[in-house]
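Undergrad: With the sequence up front, the predicted model follows.
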Protein chains: 2
Amino acid sequence: MSNLDPAMISRREGHMESARALARRSRKALRVLRQSAHETRNKALLAMADRLQQSAAIDSILEANAKDLDAARHNDLAPALQERLMLNADRIQSIEQALRVIAALPDPLGLVRTGYALQSGVQLRKLTVPLGVVFTIFESRPNVTIDIGALSLKSGNAAILRGGKEARYSNQSLHALFQQAILSVGLPGDSVQLITESDRAYMLACLQLDDLIDIVVPRGGEALIRFTAEHSRIPVIKHDKGVCNLYIDRAADPEKAIAIAINSKLQRPSVCNAIENLIIHTEYPHTQALLAKLATAGARLLGPADLARQYTDVSPIEADLLPTTYGTEFLDERLSVALVSHLDEALDFIDRYGSGHSEGIVTEDFSTAQRFQQGVDTAAILLNCSTRFHDGGQMGMGAEVGISTGRLHVRGPMGLQDLVSTTYVLEGHGEVRP
Amino acid sequence: MSNLDPAMISRREGHMESARALARRSRKALRVLRQSAHETRNKALLAMADRLQQSAAIDSILEANAKDLDAARHNDLAPALQERLMLNADRIQSIEQALRVIAALPDPLGLVRTGYALQSGVQLRKLTVPLGVVFTIFESRPNVTIDIGALSLKSGNAAILRGGKEARYSNQSLHALFQQAILSVGLPGDSVQLITESDRAYMLACLQLDDLIDIVVPRGGEALIRFTAEHSRIPVIKHDKGVCNLYIDRAADPEKAIAIAINSKLQRPSVCNAIENLIIHTEYPHTQALLAKLATAGARLLGPADLARQYTDVSPIEADLLPTTYGTEFLDERLSVALVSHLDEALDFIDRYGSGHSEGIVTEDFSTAQRFQQGVDTAAILLNCSTRFHDGGQMGMGAEVGISTGRLHVRGPMGLQDLVSTTYVLEGHGEVRP
């Protein structure tokens, strides 16, 4: 673990009191939320959606966003990040609609996960309850403030949000409106709190409070996630990078191979479930056509020198740079290609370079599909379909907090149903243990 | 977070290479375990059980245990800890029987947690898979080596075990036998590894390896759990202390109140689901009789001075020591008593002093029971029955790794069914995302 420098530790200690007070307010709000009616929590979401249709509110959000955009231009923020930061009437409408969709989802609380009678006569039920105080750390996109706030509130959790400095005015404006909406239905304003202190040491102070905060969800780049995991005493749900792989078996159907490879790479290259590596069996007879179609469709193929000599669509990569290339999440049109002469080699490749996010296979061979399924250790396995299906929306779960690459609590899309914990209720008639 | 002293950090860094090699061996074993048959894993458990019936094996274990006990006496280890350390023929037979019970449990892997068809025609299944490499840190009792090793192996996980120094010879002896049993069925010997390096810095080195180890389970005292949570980069499942509370409502049935209070406190005072605090409504008419019965049964009652004046069975505690008293897990016959004049006061008390483990209520009032259930935030709620029912065995789950007081992944008894993660399998026919 990288130790923090003394100046950072000293600043962190300076923030402890304020962070503790903030977390205590969340804990207090949580006690009310735990006992609130589902309908009341939904009303808060709909009240916020209504506010986002009012022109005064829209104007105030756009005004705040303009300040952030000015600062972004002034600070030469990368154009892609400026684009993510930007809000307009359409994007605000998307936030409004997302709120209505979340409000319409069923209550994730009070579900009986299991229930049976014990030998003693005691009745056992395992009920879903709020997770508690949920601390989300995110970057850039201001809509996350409302998405995560709404999902947390819906599931009876108290949310602490820490957005990026670049979106501070936009986040504050959205949060202020949300707090009004929450207060308007009689729930505590502290149900969703936004950290306005931009010093990273404040975030570090919060990450110490494992007696008050129950879970941390970092959403953003690798550096943010790494930093959070290293310095948090609180359990972290990682939404890590996706180095996703697609394996074209020798028994792959050529039509399916082309369609799935193109879709997995190019339908939206900038997202985590797009593939970075294409692994092809040496005996697959249609490699030439597959690579040509991918190149025509816009993929920029990279691979070892001998492969590049054989297939002119592939640009050669120096041998010593290949491991880095195969381990990189490009988030653009680049696609690394590797040839393997056996399924086990493909599994080794995935084990070595993959990030345990999404692994696809195209094959008509039933046994190979089974062995692939048993052999990869990942959040999602895609058999003869695009890796782009590994998505909460596509999988019918509604809005998602992110895609968890961890193995505890939730693996894959983290939806409303994963923002809960459980409590056992044992109901007796005076029974004691003999 | 308490920063480590430089000498400890330097020793930790010195152990990194060896720790990494150890964890890599576990990861390699995991790949085999993931694809192993349930029957093979069970055969390893039964082979170990058979070994524990052979007199040569029993003798070698007892010989190793005698060395530990000698050292314990030499080092003036507390008698209670010496007692926990001690093995004899009976205790070895218990380990053997536990192995057979675990082997007889159903396979926790490959279960379909949910499954449905997506709109696109893709079939979705959420399957249980091993969690991965499970690192368990424990103290004193050597049987844990086999209990945890067996539960991990059964569920296809690779186990890394780190026992207490005081049980080193016993643990090594049991582990060597277990490894033989595992090898005898053709599974990797590294499926269950025991750390023999007793330097705490070695454990710290392991706690850095979040790329190789998936979960840490500390079992032991508060200090061990705290230390692990503070210094681990790997997610921790806490099995924390139990400051359990029993609330006697004014509408409690007096017979049930006496039976449940006595059982909850005295059936086995040294365990985590025994109560430490008895909260009584001021209008409960049978307080005198309840306290007298508890005292007669062996409880040593503690409480505020005014309560002690009113009820002679209660020993007075100085006012400034009361908060510490109410927050202490005694693990013996002491029982703190508090009077409250309202349910909300009882809920406040539990919120303040309880550890979120087990909270009981005795009442005949339906609304009060409901409000209690909604108002406490805990792993288990016991309505009109003993807190001693909050136990994996009593709850029909078979052997347990411990009782989790965390909210992520598992809350309450952690059994075989919680030693798993999940993988989504999406099975298509060439589908791509539009």
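TA: Sure thing, it's come through.

Undergrad: what helix or strand is residue A:208 on?
TA: For residue A:208, there is no host helix or strand (DSSP states H and E).

Undergrad: how about the closest residue to chain B within the stretch 251-400 of chain A, what does it touch?
TA: In the stretch 251-400 of chain A, the residue that lies nearest chain B is residue A:385 (2.8 Å; C-beta to the nearest C-beta). No exception for glycine: its C-beta is placed from N, CA and C like everyone else's. Going by C-beta atoms under 8 Å, 6 or more residues apart in numbering or on different chains, residue A:385 touches A:260, A:360, B:120, B:122, B:426-432.

Undergrad: what about burial for those, which qualify?
TA: Those of the contacts of residue A:385 that meet the buried threshold are A:260, A:360, B:120, B:122, B:426-428, B:430-432, by 16 or more other C-beta atoms under 10 Å in any protein chain shown.

Undergrad: Those residues in strands, which ones?
TA: A:360, B:426-428, B:430-431 (DSSP state E).

Undergrad: out of the buried ones among the contacts of residue A:385, who's nearest residue B:271?
TA: Nearest to residue B:271, judged by C-beta to C-beta, of the buried ones among the contacts of residue A:385 is residue B:426 at 44.6 Å.

Undergrad: Identify the residue nearest residue A:401 in space, chain neighbours excluded?
TA: Among residues not flanking residue A:401 along the chain, residue A:414 sits closest, at 4.3 Å (C-beta to C-beta, 6 or more residues apart in numbering or on different chains).

Undergrad: Which pLDDT value belongs to the one you found?
TA: What the model reports for residue A:414 is a pLDDT of 92.

Undergrad: Show residues contacting whichever strand or helix holds it.
TA: Assigned by DSSP H and E, residue A:414 belongs to strand A:412-415. For strand A:412-415, the surrounding residues in contact (C-beta under 8 Å, 6+ apart) are A:151, A:217, A:237, A:239, A:379-380, A:390-392, A:395, A:397-404, B:126, B:422-424.

Undergrad: Could you list the contact residues of the stretch 101-250 of chain A toward chain B?
TA: Neighbours of chain B within the stretch 101-250 of chain A, by C-beta under 8 Å from any C-beta of the partner chain: A:116, A:118-120, A:122, A:124, A:126, A:129, A:131-132, A:208, A:210, A:214-215, A:229-231, A:233, A:235-237.

Undergrad: longest helix in chain A, by residue count?
TA: Using DSSP state H, we find that the single longest helix of chain A is helix A:6-34.

Undergrad: ok and the helix or strand just after it relative to helix A:6-34, angle-wise?
TA: Next in sequence after helix A:6-34, counting helices and strands by DSSP H and E, comes helix A:38-51. Calculated by axes from the mean of the first three to the mean of the last three C-alpha atoms, to 10 degrees, helix A:38-51 forms an angle of 120 degrees with helix A:6-34.

Undergrad: Just the C-alphas of helix A:38-51, formatted as CSV.
TA: Taking Å, rounded to 0.1, in the frame of the first residue of the first chain, the C-alpha atoms of helix A:38-51 are listed here in CSV:
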residue,chain,number,x,y,z
HIS,A,38,-41.9,3.1,-0.7
GLU,A,39,-44.5,5.5,-2.0
THR,A,40,-43.0,8.4,-0.1
ARG,A,41,-39.5,7.7,-1.5
ASN,A,42,-41.0,7.5,-5.0
LYS,A,43,-42.8,10.8,-4.6
ALA,A,44,-39.5,12.4,-3.9
LEU,A,45,-38.2,11.1,-7.2
LEU,A,46,-41.2,12.3,-9.1
ALA,A,47,-41.1,15.7,-7.4
MET,A,48,-37.5,16.0,-8.7
ALA,A,49,-38.6,14.9,-12.2
ASP,A,50,-41.4,17.6,-12.1
ARG,A,51,-38.8,20.2,-11.1
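
Undergrad: So which one of the buried ones among the contacts of residue A:385 is the model least confident about?
TA: Of all the buried ones among the contacts of residue A:385, residue B:120 carries the smallest pLDDT score, 89.

Undergrad: can you pull the contacts of that one?
TA: Residue B:120 is in contact with A:385, A:389, A:394, B:428, B:431, B:433, counting by C-beta under 8 Å, 6+ apart.

Undergrad: ok, so of those residues, who is nearest residue B:254?
TA: residue A:394 (58.7 Å).

Undergrad: Backbone torsions only: list them for the closest one.
TA: Here is the backbone geometry of residue A:394 (degrees, to the nearest 10): phi -60, psi -30.

Undergrad: Could you tell me how many residues sit around it?
TA: For residue A:394, the neighbour count with other C-beta atoms under 10 Å in any protein chain shown is 19.

Undergrad: got the domain boundaries for chain A?
TA: The record's domain split for chain A, according to automatic domain parsing, is A:6-239+A:414-425, A:244-389.

Undergrad: Could you tell me the end-to-end distance of the longest one?
TA: This stretch, domain A:6-239+A:414-425, spans 47 Å end to end (C-alpha to C-alpha, to the nearest Å).

Undergrad: gap between it and the chain center?
TA: Here domain A:6-239+A:414-425 is found 13 Å from its chain centre; the criterion is C-alpha atoms, centre = their mean, to the nearest Å.

Undergrad: follow-up on the earlier one: need the contact list for the closest residue in space to the residue of the stretch 251-400 of chain A closest to chain B that isn't next to it in sequence.
TA: In space, and not counting its chain neighbours, residue A:385 is closest to residue B:428: 2.8 Å by C-beta to C-beta, 6+ apart. By C-beta under 8 Å, 6+ apart, the residues touching residue B:428 are A:382-386, A:389, B:120-123.

Undergrad: what's the lowest-pLDDT member of these?
TA: Among the contacts of residue B:428, residue B:120 has the lowest pLDDT, at 89.

Undergrad: Just give me the neighbour total for residue A:100.
TA: Other residues near residue A:100 number 16, with proximity taken as other C-beta under 10 Å.

Undergrad: Counting neighbours, what do you get for residue A:312?
TA: Using other C-beta under 10 Å, residue A:312 has 12 other residues around it.

Undergrad: swap in residue A:217?
TA: For residue A:217, using other C-beta under 10 Å, the count is 24.

Undergrad: Assumed it was part of a strand.
TA: Yes - assignment of residue A:217 by DSSP: H, G, I helix; E, B strand; the rest coil places it within a strand.

Undergrad: Name whatever forms a beta bridge with it.
TA: Beta-bridge pairing for residue A:217 (DSSP bridges): residue A:136.

Undergrad: Might you report the residue contacts of it?
TA: Residue A:217 touches A:134-137, A:148, A:236-237, A:239, A:401-402, A:414, counting by C-beta under 8 Å, 6+ apart.

Undergrad: can we see that at 7 Å?
TA: Counting by C-beta atoms under 7 Å, 6 or more residues apart in numbering or on different chains, residue A:217 touches A:134, A:136, A:237, A:401-402.

Undergrad: can these go into a markdown table with extra columns for distance to residue B:303 and neighbour count?
TA: What follows is the contacts of residue A:217, written out as a markdown table (distance: C-beta to C-beta, whole Å; neighbours: other C-beta atoms under 10 Å in any protein chain shown):
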| residue | distance to residue B:303 | neighbour count |
| --- | --- | --- |
| A:134 | 38 | 27 |
| A:136 | 43 | 24 |
| A:237 | 42 | 26 |
| A:401 | 46 | 24 |
| A:402 | 49 | 23 |
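
Undergrad: Which of those sits closest to chain B?
TA: For chain B, the nearest member of the contacts of residue A:217 is residue A:237. The distance, counting by C-beta to the nearest C-beta, is 7.6 Å.
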